[in-house]
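> model the structure of this input:
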Amino acid sequence: MKLCINGHDREFAELHSDATLARLVDQLQMKPDRIAIERNGTIVPRSTWEQVSLQEGDKLEVVQFVGGGE
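Modelled structure (predicted):
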């Protein structure tokens, strides 16, 4: 499956037509509680990631929260 993530085209041989956002997050080895995802211009609530199916060519913006400071 070909996806555009943060402006970069990527291909995921492991993802098929039944892939979800939750599966992609797992594939990317990201911590779900530390990211936000926008799909084709719409922010996707974390509670729906298991139900949101990915489509070939989806444009995703993945923002990772980083803590720090004093």
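> rest of the way, CA atoms for contacts and neighbours
Noted.
> now D9: closest residue in space, sequence neighbours ignored.
Among residues not flanking D9 along the chain, L3 sits closest, at 5.8 Å (CA to CA, 6 or more residues apart in numbering).
> could you measure from that neighbour over to D58?
Distance of L3 to D58, given as CA to CA, to the nearest Å: 5 Å.
> pretty sure the residue nearest to D9 contacts L15?
No - at 10.2 Å, L3 and L15 do not qualify as touching, with contact defined as CA atoms under 8 Å.
> mind listing the helices for the protein?
Secondary structure of the chain by DSSP state H: the helices cover 21-27.
> which residue ranges form the strands in it?
Taking DSSP state E as the criterion, the chain contains strands spanning 2-5, 8-11, 35-39, 42-44, 59-64.
> for the ones you listed, give me CSV that also has mean neighbour count and distance to E50.
Converted to CSV, the strands of the chain look like this (neighbours: other CA atoms under 10 Å; distance: least, CA to CA, whole Å):
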stretch, mean neighbour count, distance to E50
strand 2-5, 18, 18
strand 8-11, 12, 20
strand 35-39, 17, 13
strand 42-44, 13, 11
strand 59-64, 17, 16
